[in-house]
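Undergrad: Fold the following, please.
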Amino acid sequence: MLEVKHLEKSYQKDKPALTDINFSVEPGTFVAIIGPSGAGKTTILRSLNQLIKDDGGQILLDGGDIRTANKTQLRHYRRQIGMVFQNYNLVERLTVIENVLHGRLGYKSTFAGIFGRYTEEEKQEALTLLSKVGLEDFALQRCSELSGGQKQRVGIARSLIQHPKIILCDEPIASLDPASSQTVMKLLKDLTTEFNIICIANLHQIGLAKDYADRIIGIRDGKMAFDEKADMLSEEILRTLYDQNTTEGLG
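TA: Numbering: from 1, shown residues only. Model prediction:
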(Lines give C-alpha, C1' and ligand atoms only; values in the text may rest on other atoms or scores of the structure.)
Protein backbone atom coordinates (compact mmCIF):
# COMPACT_ATOMS: atom_id res chain seq x y z
CA MET A 1 0.00 0.00 0.00
CA LEU A 2 1.13 3.54 -0.79
CA GLU A 3 0.27 6.36 1.61
CA VAL A 4 1.09 10.02 1.01
CA LYS A 5 0.57 12.28 4.00
CA HIS A 6 0.82 16.07 4.12
CA LEU A 7 3.31 16.27 1.25
CA GLU A 8 4.78 19.76 0.75
CA LYS A 9 7.17 21.24 -1.80
CA SER A 10 8.34 24.74 -2.70
CA TYR A 11 10.79 25.65 -5.43
CA GLN A 12 10.80 29.31 -4.36
CA LYS A 13 10.18 30.87 -0.98
CA ASP A 14 6.51 31.69 -0.42
CA LYS A 15 5.57 29.98 -3.71
CA PRO A 16 4.46 26.45 -2.79
CA ALA A 17 4.41 23.88 -5.59
CA LEU A 18 2.57 21.34 -3.42
CA THR A 19 0.46 22.01 -0.36
CA ASP A 20 -0.83 19.30 2.01
CA ILE A 21 -1.13 16.46 -0.52
CA ASN A 22 -2.83 13.40 1.01
CA PHE A 23 -3.88 10.13 -0.63
CA SER A 24 -3.48 6.37 -0.31
CA VAL A 25 -3.58 3.68 -3.00
CA GLU A 26 -4.15 -0.06 -2.68
CA PRO A 27 -2.46 -2.64 -4.95
CA GLY A 28 -4.36 -3.39 -8.15
CA THR A 29 -5.44 0.25 -8.57
CA PHE A 30 -4.82 2.47 -11.61
CA VAL A 31 -4.81 6.15 -10.61
CA ALA A 32 -4.73 9.06 -13.06
CA ILE A 33 -3.52 12.47 -11.88
CA ILE A 34 -4.96 15.33 -13.92
CA GLY A 35 -4.79 19.10 -13.83
CA PRO A 36 -3.50 22.11 -15.76
CA SER A 37 0.12 22.41 -16.82
CA GLY A 38 2.17 23.59 -13.85
CA ALA A 39 -0.37 22.36 -11.31
CA GLY A 40 2.14 20.06 -9.59
CA LYS A 41 1.40 16.67 -11.19
CA THR A 42 5.00 15.86 -12.12
CA THR A 43 6.26 17.15 -8.78
CA ILE A 44 3.99 14.68 -6.99
CA LEU A 45 5.04 11.80 -9.21
CA ARG A 46 8.77 12.45 -8.92
CA SER A 47 8.52 12.99 -5.17
CA LEU A 48 7.19 9.45 -4.77
CA ASN A 49 10.57 7.93 -5.67
CA GLN A 50 12.52 10.98 -4.48
CA LEU A 51 13.77 12.09 -7.88
CA ILE A 52 12.56 15.41 -6.49
CA LYS A 53 13.23 16.06 -2.81
CA ASP A 54 10.11 17.42 -1.14
CA ASP A 55 10.02 19.68 1.89
CA GLY A 56 7.76 17.82 4.29
CA GLY A 57 5.27 15.06 4.91
CA GLN A 58 5.44 11.28 4.60
CA ILE A 59 5.57 8.85 1.67
CA LEU A 60 4.91 5.38 3.05
CA LEU A 61 5.32 2.18 1.03
CA ASP A 62 4.03 -0.77 3.04
CA GLY A 63 4.64 1.28 6.18
CA GLY A 64 8.22 2.38 5.44
CA ASP A 65 8.88 6.08 4.85
CA ILE A 66 10.68 6.65 1.54
CA ARG A 67 11.38 10.28 2.48
CA THR A 68 13.57 9.39 5.47
CA ALA A 69 15.37 6.45 3.84
CA ASN A 70 19.16 6.44 3.77
CA LYS A 71 21.04 5.85 0.53
CA THR A 72 20.94 2.05 0.79
CA GLN A 73 17.29 2.00 1.81
CA LEU A 74 16.35 4.39 -1.01
CA ARG A 75 18.02 2.11 -3.54
CA HIS A 76 15.89 -0.73 -2.16
CA TYR A 77 12.69 1.33 -2.47
CA ARG A 78 13.51 2.42 -6.01
CA ARG A 79 13.79 -1.21 -7.07
CA GLN A 80 10.12 -1.48 -6.16
CA ILE A 81 9.08 1.61 -8.13
CA GLY A 82 9.15 1.39 -11.92
CA MET A 83 8.92 4.45 -14.16
CA VAL A 84 7.47 5.00 -17.62
CA PHE A 85 8.56 8.25 -19.26
CA GLN A 86 7.04 10.52 -21.91
CA ASN A 87 10.29 10.39 -23.91
CA TYR A 88 10.73 6.63 -23.28
CA ASN A 89 14.29 6.87 -21.83
CA LEU A 90 15.52 3.98 -23.96
CA VAL A 91 19.03 3.42 -25.30
CA GLU A 92 18.16 3.69 -28.98
CA ARG A 93 21.22 1.86 -30.32
CA LEU A 94 20.55 -1.22 -28.17
CA THR A 95 18.06 -3.98 -28.85
CA VAL A 96 14.60 -4.18 -27.39
CA ILE A 97 15.50 -7.04 -25.04
CA GLU A 98 18.64 -5.24 -23.84
CA ASN A 99 16.53 -2.21 -22.92
CA VAL A 100 14.04 -4.38 -21.05
CA LEU A 101 16.87 -6.04 -19.12
CA HIS A 102 18.04 -2.60 -17.97
CA GLY A 103 15.13 -2.81 -15.53
CA ARG A 104 17.25 -5.32 -13.58
CA LEU A 105 20.16 -2.91 -13.08
CA GLY A 106 18.96 -1.94 -9.62
CA TYR A 107 19.61 -5.52 -8.55
CA LYS A 108 23.10 -5.71 -10.05
CA SER A 109 26.58 -4.76 -8.93
CA THR A 110 28.23 -1.96 -10.87
CA PHE A 111 30.46 -4.50 -12.64
CA ALA A 112 27.57 -6.75 -13.66
CA GLY A 113 25.57 -3.75 -14.87
CA ILE A 114 28.37 -2.31 -16.99
CA PHE A 115 29.06 -5.62 -18.70
CA GLY A 116 25.44 -6.71 -19.06
CA ARG A 117 25.73 -9.83 -16.91
CA TYR A 118 22.14 -11.07 -16.89
CA THR A 119 21.03 -14.57 -15.94
CA GLU A 120 19.23 -16.89 -18.33
CA GLU A 121 16.21 -16.61 -16.06
CA GLU A 122 16.21 -12.83 -16.45
CA LYS A 123 16.53 -13.11 -20.22
CA GLN A 124 13.61 -15.52 -20.36
CA GLU A 125 11.52 -13.22 -18.18
CA ALA A 126 12.30 -10.32 -20.51
CA LEU A 127 11.01 -12.37 -23.45
CA THR A 128 7.87 -13.28 -21.51
CA LEU A 129 7.19 -9.64 -20.70
CA LEU A 130 7.75 -8.63 -24.33
CA SER A 131 5.10 -11.16 -25.25
CA LYS A 132 2.72 -9.57 -22.75
CA VAL A 133 3.16 -6.16 -24.38
CA GLY A 134 2.89 -7.57 -27.90
CA LEU A 135 6.54 -7.20 -28.89
CA GLU A 136 7.84 -10.77 -28.76
CA ASP A 137 8.88 -10.58 -32.43
CA PHE A 138 10.92 -7.40 -31.86
CA ALA A 139 13.29 -8.65 -29.14
CA LEU A 140 16.45 -8.39 -31.26
CA GLN A 141 15.47 -5.24 -33.13
CA ARG A 142 17.13 -1.93 -32.29
CA CYS A 143 14.90 0.47 -30.39
CA SER A 144 15.75 3.20 -32.90
CA GLU A 145 13.67 1.30 -35.46
CA LEU A 146 10.48 1.24 -33.37
CA SER A 147 7.44 3.51 -33.45
CA GLY A 148 6.59 5.69 -30.46
CA GLY A 149 3.90 3.32 -29.25
CA GLN A 150 6.25 0.36 -29.49
CA LYS A 151 8.95 2.23 -27.59
CA GLN A 152 6.52 2.99 -24.81
CA ARG A 153 5.59 -0.68 -24.57
CA VAL A 154 9.29 -1.50 -24.22
CA GLY A 155 9.38 1.00 -21.36
CA ILE A 156 6.45 -0.74 -19.70
CA ALA A 157 8.15 -4.14 -20.01
CA ARG A 158 11.35 -2.63 -18.58
CA SER A 159 9.46 -1.37 -15.54
CA LEU A 160 7.73 -4.73 -14.99
CA ILE A 161 10.99 -6.71 -14.93
CA GLN A 162 11.88 -4.77 -11.78
CA HIS A 163 9.08 -6.69 -10.03
CA PRO A 164 7.68 -3.35 -8.86
CA LYS A 165 5.00 -2.63 -6.33
CA ILE A 166 4.35 0.71 -8.06
CA ILE A 167 4.69 1.97 -11.62
CA LEU A 168 4.83 5.76 -12.09
CA CYS A 169 3.97 7.05 -15.56
CA ASP A 170 4.88 10.64 -16.40
CA GLU A 171 2.72 11.68 -19.39
CA PRO A 172 3.05 8.19 -20.95
CA ILE A 173 0.87 8.94 -23.99
CA ALA A 174 1.65 12.62 -24.61
CA SER A 175 3.79 11.82 -27.66
CA LEU A 176 1.58 9.08 -29.11
CA ASP A 177 -1.13 8.99 -31.77
CA PRO A 178 -4.70 8.13 -30.66
CA ALA A 179 -4.51 4.42 -31.53
CA SER A 180 -1.18 3.94 -29.74
CA SER A 181 -2.50 5.91 -26.77
CA GLN A 182 -5.44 3.52 -26.43
CA THR A 183 -3.10 0.52 -26.65
CA VAL A 184 -0.78 1.85 -23.95
CA MET A 185 -3.61 2.83 -21.60
CA LYS A 186 -5.27 -0.58 -21.95
CA LEU A 187 -1.95 -2.28 -21.28
CA LEU A 188 -1.38 -0.24 -18.13
CA LYS A 189 -4.88 -1.00 -16.93
CA ASP A 190 -4.65 -4.74 -17.63
CA LEU A 191 -1.14 -5.16 -16.22
CA THR A 192 -2.07 -3.27 -13.05
CA THR A 193 -4.75 -5.88 -12.43
CA GLU A 194 -2.72 -8.90 -13.57
CA PHE A 195 0.34 -8.08 -11.45
CA ASN A 196 -1.66 -6.54 -8.58
CA ILE A 197 0.47 -3.41 -8.58
CA ILE A 198 -0.20 0.29 -8.12
CA CYS A 199 -0.07 2.38 -11.29
CA ILE A 200 -0.11 6.19 -11.09
CA ALA A 201 -0.12 8.16 -14.34
CA ASN A 202 -0.02 11.90 -15.01
CA LEU A 203 -2.35 12.59 -17.93
CA HIS A 204 -3.72 15.50 -19.94
CA GLN A 205 -6.13 13.27 -21.91
CA ILE A 206 -9.22 13.44 -19.70
CA GLY A 207 -11.30 11.09 -21.83
CA LEU A 208 -8.72 8.31 -21.60
CA ALA A 209 -8.28 8.92 -17.88
CA LYS A 210 -12.02 8.39 -17.39
CA ASP A 211 -12.05 5.34 -19.65
CA TYR A 212 -9.15 3.46 -18.07
CA ALA A 213 -8.35 4.74 -14.57
CA ASP A 214 -10.06 3.33 -11.50
CA ARG A 215 -9.62 6.62 -9.71
CA ILE A 216 -8.76 10.19 -10.63
CA ILE A 217 -6.92 12.76 -8.55
CA GLY A 218 -7.30 16.37 -9.69
CA ILE A 219 -4.57 18.89 -8.87
CA ARG A 220 -4.89 22.65 -9.11
CA ASP A 221 -2.29 25.18 -7.92
CA GLY A 222 -0.43 22.46 -6.02
CA LYS A 223 -3.48 21.38 -4.03
CA MET A 224 -5.81 18.41 -4.28
CA ALA A 225 -9.10 19.53 -5.79
CA PHE A 226 -10.62 16.12 -6.58
CA ASP A 227 -10.08 12.51 -5.48
CA GLU A 228 -12.81 10.07 -6.44
CA LYS A 229 -13.64 7.11 -8.65
CA ALA A 230 -13.21 7.98 -12.33
CA ASP A 231 -16.94 7.93 -13.08
CA MET A 232 -17.48 10.71 -10.51
CA LEU A 233 -15.53 13.23 -12.60
CA SER A 234 -18.11 15.69 -13.92
CA GLU A 235 -18.00 18.61 -16.35
CA GLU A 236 -18.52 20.96 -13.42
CA ILE A 237 -15.44 19.60 -11.65
CA LEU A 238 -13.43 19.85 -14.86
CA ARG A 239 -14.41 23.50 -15.24
CA THR A 240 -13.20 24.11 -11.69
CA LEU A 241 -9.91 22.34 -12.37
CA TYR A 242 -9.15 23.94 -15.70
CA ASP A 243 -11.14 27.22 -15.58
CA GLN A 244 -14.06 27.87 -17.88
CA ASN A 245 -11.90 29.72 -20.39
CA THR A 246 -9.64 26.79 -21.19
CA THR A 247 -10.21 23.46 -22.87
CA GLU A 248 -6.80 21.95 -22.03
CA GLY A 249 -7.13 18.21 -21.77
CA LEU A 250 -10.91 18.16 -21.96
CA GLY A 251 -11.02 16.15 -25.18
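
Undergrad: Every contact and neighbour count from this point should use C-alpha atoms.
TA: Fine.

Undergrad: for this protein, which helix is longest?
TA: Scanning the chain for the longest helix, with DSSP state H as the assignment, gives helix 178-194.

Undergrad: out of everything not next to it in sequence, what's closest to residue 60?
TA: Here the nearest residue to residue 60 in space, its sequence neighbours aside, is residue 3; by CA to CA, 6 or more residues apart in numbering that works out to 5.0 Å.

Undergrad: same question, residue 138
TA: Distances taken as CA to CA, 6+ apart place residue 96 nearest to residue 138, at 6.6 Å, with adjacent residues excluded.

Undergrad: so how far is residue 102 from the one you found?
TA: According to CA to CA, to the nearest Å, residue 96 stands 10 Å off from residue 102.

Undergrad: quick one, which of these two is more surrounded?
TA: Of the pair residue 96 and residue 102, residue 96 is the one with more neighbours under other CA atoms under 10 Å, namely 32 against 22.

Undergrad: what's near enough to touch the more buried one?
TA: Counting by CA atoms under 8 Å, 6 or more residues apart in numbering, residue 96 makes contact with 138-143, 154.

Undergrad: Looking at those, which one is closest to residue 44?
TA: Distance ranking of the contacts of residue 96 against residue 44, using CA to CA, places residue 154 first at 24.2 Å.

Undergrad: What count of nearby residues applies to the closest one?
TA: Residues near residue 154, counting by other CA under 10 Å, number 28.

Undergrad: That one and residue 18: what is the separation?
TA: From residue 154 over to residue 18 (counting by CA to CA), the distance is 32 Å.

Undergrad: next one: residue 185
TA: With CA to CA as the criterion, residue 185 and residue 18 are 27 Å apart.
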